[in-house]
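A.B. asks: The following comprises the amino acid sequence and a computationally predicted model.
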Amino acid sequence: MSTITLNHALAVKRVNLTALVLLVTGVLINCLIINYHQSLLNDTRKLEANIDALSRAKSVRYLPKVNVNNSAQKTHDIAAVNAAIAEIVLPWNAIFKMLEATKSDAVKLLAVEPSIKKQTLRITALALDVDNMMAYVDSLIQQKMLKNVALVSQESAEVNGQPAVHFVVETAW
């Protein structure tokens, strides 16, 4: 029987340069990460020590004296600002669309006065005659947005020498 012997000593060892560079880079990055982690731990310990020291410190803090008049004025100002904001968020679009839907050539609107607190709408208008006024009030009653439509007052008026009816309607929305 014949034996075969392999001699690897004569084979040329090739060093893969890319693998070596990646190995060294990985080792360096791991060292930097470990160093950064250690510095974070040290910073955390220092901050926790500061928190403990601050929580244990018994320092007397004096509260500033509050001027009652100044506080009342600020409360009044805040209430006024809240009221102004409430007026801004009125359903103006819906109100104007409803008024346009009830538009009549024989009735001219003079004023539209919404009340936020009561959620009411006061409409002052001028009509050519009582029939047109009542037709306008009836068309307001037909609107789904409005509730409790009521004719508050009416009086005779003259517009350019012609008789007219000045009236006020109140309703809730």
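C.D. replies: Structure's in. What do you need?
A.B. asks: Following the chain past the helix or strand bottoming out on mean pLDDT in the chain, name the next helix or strand.
C.D. replies: Of all helical and strand segments in the chain, the minimum by mean pLDDT, DSSP states H and E falls on helix 68-88, at a mean of 78. Downstream of helix 68-88, the next assigned helix or strand under DSSP states H and E is helix 92-101.
A.B. asks: other SSEs contacting that next one?
C.D. replies: strand 107-115 (3 or more CB pairs under 8 Å, 6 or more residues apart in numbering; DSSP states H and E). Every residue, glycine included, has its C-beta placed from N, CA and C.
A.B. asks: Okay, buried residues for the following helix or strand past the strand it packs on please.
C.D. replies: Per DSSP H and E, the first helix or strand lying C-terminal to strand 107-115 is strand 120-127. Residues 120-121, 123, 125-127 are the ones in strand 120-127 that count as buried (16 or more other CB atoms under 10 Å).
A.B. asks: May I see the buried residues of the helix or strand just after strand 120-127?
C.D. replies: Toward the C-terminal end, the helix or strand that comes next after strand 120-127 (DSSP H and E) is helix 130-142. The neighbour-count check on helix 130-142 (16+ other CB under 10 Å) flags 132-133, 135-137, 139-140 as buried.
A.B. asks: Next one, pLDDT for the residue lying closest to residue 91 once chain neighbours are set aside please.
C.D. replies: Excluding the flanking residues, the one nearest residue 91 by CB to CB, 6 or more residues apart in numbering is residue 173, at 7.0 Å. Each residue has a pLDDT score; the one for residue 173 is 76.
A.B. asks: Surely residue 173 is in contact with residue 149?
C.D. replies: No. Using CB atoms under 8 Å, residue 173 is not in contact with residue 149; the gap is 10.5 Å.
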